[in-house]
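Colleague: I would like the atomic coordinates for the input below:
(one chain, ligands or ions: 1)
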Amino acid sequence: MYTIHGRTAVIDPEACRNILVFGDVHGDLVSLERGLSKAGADDLIVFLGDYADRGPDGVEVIETIHELLLRESDRVIALKGNHEDYTDQGEPLFHPCDLIDEARRKRGSWEAFFRRFTGFANTLLLSARIPGFALFVHGGVGSHLDSFEQLENPDTGIETEFLWNDPVPAPGEHVSIRGAGRAFGPDVSAAVCEALSIRHIIRSHEPRKASRGPLPEHDGRVITTNSTSAYGGAPAVLRLQASRIPQLDPVSGDSVIFLD
Ligand SMILES: [Mn+2]
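Modeller: Numbering: from 1, shown residues only. Next up is the predicted model:
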């Protein structure tokens, strides 16, 4: 259903019935299990990152997705989010981090769980794409991204953009209120779509923005998804019917499945 090239995956839609896309899960095991129950045997599952923190069950969410990756690696892709960014010593590069305390409470020690987490984190990719249709990343893109080679082998600047960037209405690139990554405008999205020959950039990273369902911005080029109830919104998954790609509208009613 897909092939791995460096740190990206290239999806073959002709090998799957649907592509089921999860946005941030953020410790919401109930929504994760509901979403997984929508996946058929011929469906490819794509997770966009941010598995723990905020919600109550980050430990169980990571264990569930890690086991799924080990058992069915041919039909599961999991991307790295900014909440999967730790030093080799287990220090989080984001804040606030809830997973460390949760792991101590539920699994005895952070050190023991961090070994498990590292096994999981080592399987995470930074992006995936359906040629001619969509790029999947956790956060977003920047104006320097213009080649498939950068998806395969991104430098640290582009990795930071994938993990942290957010779309905004104003053209250009702007300082991010997050203190990491940048905000990017519709001209940046249009240039990246043109350079990579895609129609959409499908991302998560802002669950509140998609609290009532997947939200299109930048003339429909950028779509923000959300699969957690940790912020009180309505979690959903995208079920992209492979036979209708590339004409498919990713936010049309029959592509969106609400999980609550
Ligand atoms: Mn995020």
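Colleague: wait, what's in contact with the residue most central in space within the chain?
Modeller: The residue lying closest to the centre of the chain (C-alpha atoms, centre = their mean) is Leu48, at 1.2 Å. Under the criterion of C-beta atoms under 8 Å, 6 or more residues apart in numbering, the neighbours of Leu48 are 21-24, 79, 81, 136-138, 202-205, 225. Any C-beta I mention is one placed from the backbone N, CA and C, and that applies to glycine too.
Colleague: centre of this protein to the edge, which residue is at the far end?
Modeller: If you look at how far each residue of the chain sits from its centre, by C-alpha atoms, centre = their mean, the farthest one is Gly108, at 28.8 Å.
Colleague: for it, give its distance to the ion.
Modeller: Going from Gly108 to the ion by C-beta to the ion, to the nearest Å gives 27 Å.
Colleague: re earlier: now, which of the contacts of Leu48 lie close to the ion?
Modeller: When contact is defined as C-beta under 5 Å from the ion, those meet the ion at 81, 205.
Colleague: so how far does stretch 194-211 reach from one end to the other?
Modeller: For stretch 194-211, the first and last residues are 29 Å from each other (C-alpha to C-alpha, to the nearest Å).
Colleague: make 729 the starting number, not 1.
Modeller: Yep, numbering from 729; the last one is stretch 922-939 now.
Colleague: quick one: it to chain centroid distance?
Modeller: From the chain centre to the centre of stretch 922-939 is a distance of 9 Å (C-alpha atoms, centre = their mean, to the nearest Å).
Colleague: kindly report the same for stretch 873-884.
Modeller: Computed by C-alpha atoms, centre = their mean, the chain-centroid distance of stretch 873-884 equals 17 Å.
Colleague: which residues does that stretch contact?
Modeller: Around stretch 873-884, the neighbours that count as contacts under C-beta under 8 Å, 6+ apart are 733-736, 854-855, 857, 863, 872, 886, 889-890, 919-920, 923-924.
Colleague: so for stretch 930-950, mean pLDDT?
Modeller: Predicted confidence along stretch 930-950 averages 97 (mean pLDDT).
Colleague: list the buried residues for that stretch?
Modeller: Of all the residues in stretch 930-950, those buried under the rule 16 or more other C-beta atoms under 10 Å are 930-935, 937-939, 941-943, 945-946, 949-950.
Colleague: what's the closest non-adjacent residue to Gly818?
Modeller: The shortest distance from Gly818 to any residue other than its chain neighbours is 4.3 Å, reached at Phe842 (C-beta to C-beta, 6 or more residues apart in numbering).
Colleague: in three-state terms, label the one you found for me.
Modeller: With DSSP: H, G, I helix; E, B strand; the rest coil as the basis, the three-state label of Phe842 is helix.
Colleague: now the residue nearest to the centre of the chain: how far from the ion?
Modeller: The gap separating Leu776 from the ion is 9 Å, by C-beta to the ion.
Colleague: can you give me every residue that contacts the residue of the chain found nearest the ion?
Modeller: Among all residues of the chain, His933 sits closest to the ion, at 3.9 Å; criterion: C-beta to the ion. Listed by C-beta under 8 Å, 6+ apart, the contact set of His933 reads 752, 776-778, 809-810, 866-868, 892-894, 952.
Colleague: do that again at 7 Å, thanks
Modeller: Residues in contact with His933 (C-beta atoms under 7 Å, 6 or more residues apart in numbering) are 752, 778, 809, 866-867, 894.
Colleague: of the buried residues of stretch 930-950, which belong to strands?
Modeller: Among these, the residues falling in strands (DSSP state E) are 930-931, 943, 945, 950.
Colleague: next one: the top helix by length along the chain to chain centre, how far?
Modeller: When the chain is scanned for its longest helix (criterion: DSSP state H), the result is helix 786-799. Relative to its parent chain, helix 786-799 has a centroid offset of 15 Å by C-alpha atoms, centre = their mean.
Colleague: same check, this time on stretch 950-958
Modeller: Stretch 950-958 sits 9 Å away from the centroid of its parent chain (C-alpha atoms, centre = their mean).
Colleague: start and end of it, how far apart?
Modeller: Termini of stretch 950-958 sit 23 Å apart (C-alpha to C-alpha).
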